[in-house]
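Engineer: okay, sequence plus prediction incoming.
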Amino acid sequence: MTDIISVYLDNNATTRVNEETAEYIKSFMVEDYAIASSQFSHSMGIKAREAVEKARVTISSKINAEPGEIVFTSGGTEANNLVLQGLARLNEESNRKKIIISGIEHFSVLHTAQMLEKKGFEIKYCRVDKHGLIDEEHLKSLVDGKTLLVSILHGNHEMGALQNISSLADIAHNKGAFFHTDASVSFGQVDIDAKESGLDFMTMSGHKIYGPKGVGALFIKKGMNLSKLLYGGFSENNMRGGTENVPGIAGFGKAVETLQESDISTAGFLRDYLFSRISSEIDNISLNGPEDFSRRIPNNLNISFEYIEGESIVLHLDLKGISVITGSACFSKSLQASHVLMAMGFSHQRAHSSIRFSTSRYLSKTEMDYTVERLRETVENLRRLSPLYK
Amino acid sequence: MSLPYSKKTIENFLNPKNVGDMDDADATATEGSPACGDMIKLYIKVDKDTKIIKDIRFRSFGCASNIAASSVVTELAKNKTLQEAKNISWEDVLNNLGGLPPVKVHCAVLSTEALKTAIENYEMEHGLIKEKIPTSPEIVKNRLKRVINPVTGKDVMSGDLVKTIDLKGGIIQIELNIQESHQFAENLKEEIKERLEPLWDIKEVNIRFVE
């Protein structure tokens, strides 16, 4: 029997923090652990403040924005809530009460929109095509003079589709609506120019690019106003009460600062290699998400293995040390198949058979080869069991 | 490693017993569908004189629990008389697996249902056709005892989840003590409809969430 090796292929969920970033974070826990305070405070507090502001500069310059346009949050979920709820609260009495999202959004947008619908906002869902890309003509037909916000995910966490956000922002702006994109998974992996793309708001996250969990950021274009979610003090430009998460914010900045072009291309190369081996060695599979890989998040791969169920695949692979996830109902907390794959018009069966592989810079070809071998055995094994297979 | 499954479940998942098709089966049954994420096909071979299940095979499109439960149910039914096999309950399967996580208990139900259906099919084909009995509240309740609440891992009739059952003119109205926004609300609704809609004289099943 071959030795079991550990292959973490769930990097669209979260990534391993890089050593330099981890050390830097630790220094704000055991050395410079003061809260980020004003310049008239003590030295340790000033040092913490400088670290937070340095992170703000790093992150803003990554997206061609101003430092003052960045608000740190507890993560992508809070940033998405801040935009949707914050904008809705300011517009409870306005005649713009329509919010347009898509069916493939992350739950933090989807469920927030559903909550706002109960409070009197009109929620419309823009269609996506079978590759998971926004139907722009449909979006044009939905946006009107009553539209407050269009919020569309930039890079999809499940099947990797990258939307053309400048074009979507134009469609929103043509009718005077705001445009927000959730770039939690794509930020850092794909170049984004907030100015050039005409974004009003953008959600970012650090833990998908080798940074820590529990920290995210919201880009708020200068001049835009939002009602805050958390009251308590004036921190984050009076957009968020509460002591700033100095280690997290500093670590987020460090992760972005140390991110190399080669980190992204290594993960991308391994994703491509994995796909080429799987597609030539395992039959009856279908790729979920764009076939044009330039329209996918570089480290994302999502494949349905016909006739067999995803949770069984996940468990087989897990027992061999390989970490992947599935869009199957059997795997989900609600026993519902992935809403993303269903919104793309797929059958339940295709969603149940889907597996997401997401690579990282910490992996190598050896681990991809090991994964393909174990996958081949697993698929063969489970298909022998399946009543749907010849 | 802290997987949510017992050793016995993992064993039966990795090395399921009685797998495959049976060309000369005396009866077959298919329970579930690929749409609900679980599907079992079961084959039985029965001794005409002794009514003993001589051979039993299954194939499964399903999760680990589904495969393991199917394997166990075939082991339990093998060499039993039809009457004995009919009495195998989903609780027996559960016990033999050393338990399942609450959200997976329905897999034990599905596998025992497949066995019961295969036996019924055999009996029908061998001159034991039953008369069509009109659906009564008792029949509805019995069917609901095979719907598992994924929160508790127990059937929906054993707690206070089902508030009212109303049966009139081929229409069943059920009120559930759960919020519409509950993570399992949609799933429970689908499961209940799947159990009740096949009843021959039922035209409609309506479910309301009343909490």
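Structural biologist: Structure received. Numbering: from 1, shown residues only, chains lettered A, B, ... in the order given.
Engineer: which of the three states applies to the residue of the stretch 1-150 of chain A found nearest chain B?
Structural biologist: Per Cβ to the nearest Cβ, residue A:114 is where the stretch 1-150 of chain A lies closest to chain B, at 8.3 Å. From N, CA and C alone the C-beta is placed, and that goes for glycine too. Using DSSP: H, G, I helix; E, B strand; the rest coil, the structure places residue A:114 in helix.
Engineer: count the neighbours of residue A:262 for me.
Structural biologist: Applying other Cβ atoms under 10 Å in any protein chain shown, we find 10 residues neighbouring residue A:262.
Engineer: any idea of the pLDDT on residue A:67?
Structural biologist: pLDDT for residue A:67: 98.
Engineer: so it is in contact with residue A:57, correct?
Structural biologist: Yes - the pair residue A:67 / residue A:57 is scored as a contact, 5.1 Å apart, by Cβ atoms under 8 Å.
Engineer: what residues does the residue of the stretch 1-150 of chain A closest to chain B make contact with?
Structural biologist: Residue A:114 is in contact with residue A:123, counting by Cβ atoms under 8 Å, 6 or more residues apart in numbering or on different chains.
Engineer: quick one: pLDDT of it?
Structural biologist: Residue A:114 is given a pLDDT of 97.
Engineer: before we move on, which element is residue A:367 in?
Structural biologist: Assigned by DSSP states H and E, residue A:367 belongs to helix A:365-385.
Engineer: for the record, mean pLDDT for that helix?
Structural biologist: Here the average pLDDT along helix A:365-385 is 97.
Engineer: ok, now stretch B:159-179?
Structural biologist: Mean predicted lDDT for stretch B:159-179 stands at 92.
Engineer: start and end of it, how far apart?
Structural biologist: 16 Å (Cα to Cα, to the nearest Å).
Engineer: gap between it and the chain center?
Structural biologist: 20 Å (Cα atoms, centre = their mean, to the nearest Å).
Engineer: what residues of stretch B:189-200 count as buried?
Structural biologist: Along stretch B:189-200, the positions that meet the burial threshold by neighbour count (16 or more other Cβ atoms under 10 Å in any protein chain shown) are B:189-196, B:199.
Engineer: next: stretch A:149-165.
Structural biologist: Neighbour-count burial for stretch A:149-165 flags A:149-163, A:165 (criterion: 16+ other Cβ under 10 Å).
Engineer: nearest to residue A:217, of these?
Structural biologist: Comparing the buried residues of stretch A:149-165 against residue A:217 with Cβ to Cβ places residue A:154 closest, at 14.0 Å.
Engineer: give me the distance between that closest one and residue A:58.
Structural biologist: Note on residue A:154: its distance to residue A:58, by Cβ to Cβ, to the nearest Å, is 20 Å.
Engineer: likewise residue B:87?
Structural biologist: Taken as Cβ to Cβ, the span from residue B:87 to residue A:58 is 68 Å.
Engineer: between those two, which has more neighbouring residues?
Structural biologist: Using other Cβ under 10 Å as the criterion, residue B:87 and residue A:58 rank with residue A:58 on top: 19 against 10.
Engineer: ok, and the closest non-adjacent residue to the more buried one?
Structural biologist: Spatially, and ignoring its direct neighbours in sequence, residue A:58 is nearest to residue A:253 (4.5 Å; Cβ to Cβ, 6 or more residues apart in numbering or on different chains).
Engineer: now do residue A:273
Structural biologist: residue A:368 (5.4 Å).
Engineer: same question, residue B:5
Structural biologist: residue B:64 (6.5 Å).
Engineer: tally of neighbours for that neighbour?
Structural biologist: Residue B:64: 27 neighbours (other Cβ under 10 Å).
Engineer: for it, give me its contacts.
Structural biologist: Applying Cβ under 8 Å, 6+ apart to residue B:64 gives the contacts A:311-312, A:315, B:5, B:9-10, B:13.
Engineer: now do the helix-or-strand element of chain A with minimal mean pLDDT: everything it contacts.
Structural biologist: Taking mean pLDDT, DSSP states H and E as the measure, chain A has helix A:235-238 as its least confident helix or strand, at a mean of 90. Under the criterion Cβ under 8 Å, 6+ apart, residues A:68, A:71-72, A:228, A:241-244 lie in contact with helix A:235-238.
Engineer: hang on, residue A:193 packs against residue A:63?
Structural biologist: Yes - at 6.6 Å, residue A:193 and residue A:63 qualify as touching, with contact defined as Cβ under 8 Å.
Engineer: these two: which has the busier surroundings?
Structural biologist: In this view residue A:193 and residue A:63 are compared by other Cβ under 10 Å, and residue A:63 has more residues nearby, 24 against 14.
Engineer: correct me, but that one touches residue A:201?
Structural biologist: No - applying Cβ under 8 Å as the test, residue A:63 and residue A:201 come out as separate, 11.8 Å apart.
Engineer: list residues touching both of those two?
Structural biologist: Common neighbours of residue A:63 and residue A:201 (Cβ under 8 Å, 6+ apart) are residue A:219.
Engineer: and chain A, which of its residues are near chain B?
Structural biologist: Within chain A, the positions near chain B by Cβ under 8 Å from any Cβ of the partner chain are A:307-309, A:311-312, A:315-316, A:318-319, A:328-331, A:333-337, A:347-349, A:352, A:384-388.
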